[in-house]
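Enquirer: Could you work out the structure for the sequence below:
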Amino acid sequence: MPQIELKGICKTFKVSQRPEGRLGLLRGAFIRETKIVKALENITFQIDEGELVGYIGPNGAGKSTTVKVMSGILTPESGSCTIMERTPWSERVAHVSQIGVVFGQRSQLWWDVPVNDSFDLLKDIYNIPTTDYSKRLSELVETLDISSLLKTPVRQLSLGQRMRCEIAAALLHSPRILFLDEPTIGLDAVSKLALRDFLKNENRNNGVTMILTTHDMDDIESLCNRVMVIGHGNLLYDGKLEALKEQYSPLRRIRATLHENIEESPVEGAESIKIEGNTWTVMFDPYKIAAHTMVEHLAQRLPLKDISIEEEDIDEIIASMYREMCL
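Expert: Take a look at the predicted model:
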């Protein structure tokens with residue numbers, strides 16, 4: 001039985017609109033116009049225990065709304081959501097004792113008190129036994145390298161420091177599921193790498209199921225084998241990351257730098273050629289012609305200085321996929 005199962009989840013919101021025109025502001029003070037926005041439409045998927053799943057899509061696609069439904073914050077108009085055999089919004093107390101949630105742009109720590117005091121408050125809220133709390137806190141403090149931050153008020157932390165403390169706070173009660181909504185937003189490269197390593201180890205060593213929403217495709221490629229793509233409230237793709245690349249970007253790219261500028265000429269096996277000065281970008285289908293064979297064809301026809309073989313960037317794949325499926 002899957003640990004997480006959503007069937008036909010639909011969620012709408014009423015959004016206020018100001019009347020257009022020069023007198024729109026004045027009219028809006030007396031006339032309130034609203035429209036119904038479909039945030040989620042028939043969202044259906046299953047996640048097994050121990051999976052680490054990337055949930056991606058553009059702003060406003062419905063990612064955060066889905067996380068809020070699964071964490072019990074929002075109640076959908078229709079559909080069912082079963083997580084660890086519970087319905088999140090109707091069994092909230094039992095549900096939150098088994099999940100952790102990290103929202104990159106919101107804090108669960110108390111702003112004006114030291115981090116350690118926030119942790120102690122969470123210990124009481126989750127009713128964590130003292131022995132278990134001390135052991136778990138020590139593990140998290142060491143792994144996330146936050147010992148020097150424990151006596152610092154949260155408002156004095158940098159974003160990277162706060163996010164490490166947020167992760168620790170979400171895991172203090174040893175949840176079985178961790179929802180991560182933009183956890184690396186605003187972090188520097190070093191902090192991102194450290195956080196990714198921690199999440200991989202937590203997933204691998206403790207079997208914590210993780211659902212990661214992010215705009216950072218490096219997060220997805222580093223952490224997730226399975227991805228779900230959402231757009232306009234609809235689930236557009238659910239499967240392996242490599243299969244997504246193969247389905248929506250079957251071509252690979254060779255970037256060749258030449259010793260001199262030459263005019264374009266046909267190259268056997270090339271799907272397309274783009275020339276910028278003495279740099280040629282050649283697209284080819286690896287299922288039709290092997291990469292080494294393609295390189296040989298280029299070497300026979302061009303005065304090569306340097307050459308590299310690249311896959312299309314994951315950001316480009318997602319953007320082109322989203323445009324194609326939302327037309």
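Enquirer: Please parse the chain into its domains.
Expert: Domain assignment for the chain by automatic domain parsing gives 49-246, 250-311.
Enquirer: Just to check, residue 274 is in contact with residue 256?
Expert: No. Look at residue 274 against residue 256 with C-beta atoms under 8 Å: they stay out of range, at 10.9 Å. C-beta coordinates here come from the backbone N, C-alpha and C atoms, glycine included.
Enquirer: Which one's more surrounded, the two?
Expert: residue 256 (23 against 12; other C-beta atoms under 10 Å).
Enquirer: How much space separates that one from residue 34?
Expert: Separation of residue 256 from residue 34 (C-beta to C-beta, to the nearest Å) stands at 56 Å.
Enquirer: swap in residue 4?
Expert: Separation of residue 4 from residue 34 (C-beta to C-beta): 32 Å.
Enquirer: okay, those two: which has more neighbours?
Expert: Ranked by neighbour count (other C-beta under 10 Å), residue 4 and residue 34 place residue 4 first, with 20 against 10.
Enquirer: Find the nearest non-adjacent residue to that one, please.
Expert: In this structure, residue 4 finds its nearest non-sequential neighbour in residue 47, 4.0 Å apart by C-beta to C-beta, 6 or more residues apart in numbering.
Enquirer: ditto for residue 2
Expert: The nearest residue in space to residue 2 (C-beta to C-beta, 6+ apart) is residue 46, at 3.9 Å.
Enquirer: where's that neighbour, which helix or strand?
Expert: strand 33-47 (DSSP states H and E).
Enquirer: elements contacting that strand?
Expert: strand 4-17, helix 63-70, strand 78-83, strand 234-240 (3 or more C-beta pairs under 8 Å, 6 or more residues apart in numbering; DSSP states H and E).
Enquirer: rewinding a little: spell out which residues are contacts of both of residue 274 and residue 256.
Expert: Listed contacts common to residue 274 and residue 256 are 280-281; contacts here mean C-beta atoms under 8 Å, 6 or more residues apart in numbering.
Enquirer: In the protein, what helix or strand scores lowest on average pLDDT?
Expert: helix 24-30 (a mean of 60; mean pLDDT, DSSP states H and E).
Enquirer: Which parts of the chain are helices?
Expert: Counting by DSSP state H, the chain has helices at residues 24-30, 63-70, 92-96, 115-125, 130-144, 159-171, 189-206, 217-223, 241-248, 291-301, 314-325.
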